[in-house]
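Undergrad: Sharing a model that was predicted from the sequence below.
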Amino acid sequence: MKRIFALVLALAILPSSGISQAAVSKSTSFQAEVWADNWFSLYANGKKIGEDSVPITTEKSFNSEKIKFTATYPLTIGLMAKDFVENTSGLEYIGKSNQQIGDGGIILQIRDLTTNQIVAYTDSTWRSLVVFKAPLNPECVTSKTPLTDCKSLTIKNSTTWYSSTYKDSSWLNAKEFTKEAVGVKDGYFNIDWSASAKLIWSNDLKLDNTILFRKVVSESKVFPNSPSIVDSPLILSSPDFINGGKLSVDNTCDGRGISPGFSWTGGSSKILSYVIIMDTVPGPLRPGEVDIGNHFYLTVYNIPVSIKSLPAGATNIGTLGQNFQGKKVGYTPPCSQGPGSKSYTIKLYGLSENLTLKSSEATQKNLLAAMNGKIISSSSLTVLYERS
């Protein structure tokens, strides 16, 4: 009788123990942050969780994406990256004067939304497999019939390459590339990248067109240099010039007359919107001129806190205000008179709220007055230009 009782008691304990073990693997909320040249699809634990929202057939598609999903640890990430090619020749702009072999690049980081910490990022530890390579004979780039003359290689692979059970031991490690080598642009600057997140591809940025990547994240842990909700200094930069450098002629009346691009990192969790103002202190008045204060070339306000960049020539982000010429809202390019280098200042302000100004009222003076008492942090750049 005692033996029977002991057996019943043991059987009663085992299911309880099993339930406890299963409870350890609970579902976690994540956010994947990705930038690709030119297109990607993303998988987690064997399920597709998203892809680039811009079709790969779109010319010069360099946008970034933020994809939220739920999964359990260990986290198996599958990432397909594609560089745009027009056909199996591996070329782009076929038949045009700029017919060429394009290049690729991708960067990803995954944030655990329960802690807001980065738990995975692309680097050379990711496994990679090239499944389409072209042209194998790069000299065909000048061919008038590249589809006939260019050779390509397609590698067949398992359709479950992104599953948790797939073995990638035969795959090679990914290769890291610099921002300069990839030529990052546009959406890349919309994300605060961890210093540990690297741009990756296979060994050849140009000839390898479709790459599969895999990474297994065994547990949640905090990585160094991980962007989080902790406040940090607001830092303004530009992809078009360095601080104290030279303004591109494209941003002046001597060129295309478009506004420069800007990006920023850091800032307080209390910031709800951003303002950008570009101005200069004008030189001595010429006969008949009236002192109107600083010449302001660009005023943009109510930039959403989720935005971390303003691409060159952008007119659809935030609200465009006046410029010093007062003829229309938006950017007016510098067109300074007289010899010598002129200095221009760009300031970024992080505000505690949005402004209620109308575009027609948003001069630099009125913006600064409306911002009074709402500025949480700021950052600035200086750039020079001398007319030839």
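TA: Structure received.

Undergrad: For the rest of this, base every contact and every neighbour count on C-alpha atoms.
TA: OK.

Undergrad: for Gly104, what are its contacts?
TA: Residues in contact with Gly104 (Cα atoms under 8 Å, 6 or more residues apart in numbering) are 36-38, 82-83, 182, 201, 205-206, 209.

Undergrad: export those residues to TSV and tack on distance to Pro146 and pLDDT?
TA: Below are those laid out as TSV (distance: Cα to Cα, whole Å; pLDDT from 0 to 100):
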residue	distance to Pro146	pLDDT
Ala36	26	95
Asp37	22	93
Asn38	21	91
Lys82	20	96
Asp83	18	95
Val182	25	93
Trp201	25	97
Leu205	20	94
Lys206	16	95
Asn209	16	96
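
Undergrad: of all those residues, which comes closest to Lys246?
TA: Each of the contacts of Gly104 was checked against Lys246 using Cα to Cα; the closest is Val182, at 23.0 Å.

Undergrad: that older thread, closest to Lys175 out of the contacts of Gly104?
TA: Trp201 (5.6 Å).

Undergrad: Count the neighbours of the closest one for me.
TA: By other Cα atoms under 10 Å, 34 other residues sit near Trp201.

Undergrad: How about Pro260?
TA: The criterion is other Cα under 10 Å. On that basis, Pro260 has 23 neighbouring residues.

Undergrad: and what of the one 5 residues further on?
TA: Applying other Cα under 10 Å, we find 18 residues neighbouring Thr265.

Undergrad: How about Ser263?
TA: 21.

Undergrad: need the contact list for it.
TA: 189-190, 236-239, 308-311.

Undergrad: okay, these in TSV with pLDDT and distance to Phe69 next?
TA: Output for these, formatted as TSV (pLDDT from 0 to 100; distance: Cα to Cα, whole Å):
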residue	pLDDT	distance to Phe69
Phe189	84	23
Asn190	84	20
Leu236	95	31
Ser237	94	31
Ser238	94	32
Pro239	92	31
Lys308	91	22
Ser309	93	25
Leu310	94	27
Pro311	93	28
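
Undergrad: most surrounded residue in the contacts of Gly104?
TA: Trp201 (34 neighbours).

Undergrad: sorry, back to before: ok, so of the contacts of Gly104, who is nearest Ser163?
TA: For those, the nearest to Ser163 is Lys82 (19.5 Å; Cα to Cα).

Undergrad: Quickly list what that closest one is bridged to.
TA: Lys82 has these beta-bridge partners by DSSP bridges: Trp39, Thr210.

Undergrad: doesn't Glu51 make contact with it?
TA: No. Here Lys82 lies out of contact with Glu51, judged by Cα atoms under 8 Å, at a distance of 11.3 Å.

Undergrad: shared neighbours, those two?
TA: By the contact definition Cα under 8 Å, 6+ apart, Lys82 and Glu51 are jointly contacted by 39-40.

Undergrad: out of the contacts of Gly104, who's nearest Glu176?
TA: Taking the contacts of Gly104 together and measuring to Glu176 by Cα to Cα, the closest member is Trp201, at 6.8 Å.

Undergrad: quick one: least confident helix or strand in the chain?
TA: Scoring the helices and strands of the chain by mean pLDDT, DSSP states H and E places helix 2-24 at the bottom, with a mean of 42.

Undergrad: could you point out which element follows that helix?
TA: Tracing the chain past helix 2-24, the next element assigned as helix or strand by DSSP states H and E is strand 28-37.

Undergrad: thinking again about what came up before, for ChimeraX, what selects the buried ones among the contacts of Ser263?
TA: Buried members of these, defined by 16 or more other Cα atoms under 10 Å, are picked up in ChimeraX with:
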select :189,190,236,237,238,239,308,309,310,311
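
Undergrad: Which of the contacts of Ser263 fall within strands?
TA: 236-237, 309-310 (DSSP state E).

Undergrad: Save those residues as a markdown table, and put in distance to Lys68 too.
TA: Output for these, formatted as a markdown table (distance: Cα to Cα, whole Å):
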| residue | distance to Lys68 |
| --- | --- |
| Leu236 | 27 |
| Ser237 | 28 |
| Ser309 | 21 |
| Leu310 | 24 |
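
Undergrad: Counting neighbours, what do you get for the spatially closest residue to Ile211 that is not a sequence neighbour?
TA: Leaving aside its sequence neighbours, Ile211 sits nearest to Val130 (Cα to Cα, 6 or more residues apart in numbering; 4.6 Å). Applying other Cα under 10 Å, we find 24 residues neighbouring Val130.
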